[in-house]
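**Student:** 3D model of this:
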Amino acid sequence: MATDDELTLRYGGTSARWWTALAALAAIAMGGAAGLGGSDANQWAAASACVGAGALFVVFGFLLRRVEAGPDGLRYRTVLRWHRLEWDEIVRLQEIQVMPNDKRQKTPNVRVEATLRSGEAVRLPVPWFGAVDAITFEGELRKLRAVRRRYTPTAH
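**Tutor:** Numbers count the residues shown, from 1 in each chain. Coordinates of the predicted model:
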């Protein structure tokens, strides 16, 4: 199915990838400055570790969570492995609101949930970019539903 994918949804657009690459280069430069052994070496090493860890966290988020859709069905990757759903297993794709774990945040996150024929509900890692990019999220969900309709004639 990897070669027949019509739609791939993943975190981080082109600008996010560039910023992540820039952060990784900055971490390397700071590590090099720390390696020179100047009076500020400890501060440069700490800054390098923080920026580098942040860049790695973002990279793993980009690589490990995505949704792919094609004629054979839907595949989605979580942190540990790939999962697969056939189009005829999916009864409905719907948006759901999930309150964040952090109690200080009052705005719910929007997620996509696939309701299966067995009654099970599966949350898909469709990228959510925050309230500012709600239009982007709706566009991604619209594309996903269009692929589903194309390959499931009885889908509503």
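
**Student:** quick one: the strands in the chain, in order.
**Tutor:** Using DSSP state E, the strands of the chain run over residues 7-10, 66-70, 73-77, 82-85, 90-98, 109-116, 121-124.

**Student:** pLDDT at S118, what is it?
**Tutor:** S118 is assigned 93 on the pLDDT scale.

**Student:** my bad, R92
**Tutor:** Reading off the model, R92 has pLDDT 88.

**Student:** number of nearby residues for it?
**Tutor:** Around R92 there are 13 other residues, counting by other CB atoms under 10 Å. C-beta here means a position set from N, CA and C on the backbone, and glycine is covered the same way.

**Student:** the one 4 residues further on too?
**Tutor:** Neighbourhood size, I96 [other CB under 10 Å]: 12.

**Student:** grab the nearest non-local neighbour of it.
**Tutor:** E113 (4.8 Å; CB to CB, 6 or more residues apart in numbering).

**Student:** quick one: that neighbour and V126 touch, right?
**Tutor:** No - counting by CB atoms under 8 Å, E113 sits too far from V126 to count as a contact (9.7 Å).

**Student:** partners of the helix or strand bottoming out on mean pLDDT in the chain in the sheet?
**Tutor:** Ranking every helix and strand in the chain by mean pLDDT, DSSP states H and E puts strand 7-10 at the bottom, with a mean of 73. Applying DSSP bridges, strand 7-10 is found paired with strand 66-70 (antiparallel).

**Student:** how far does the strand it pairs with sit from its chain's centre?
**Tutor:** 11 Å (CA atoms, centre = their mean, to the nearest Å).
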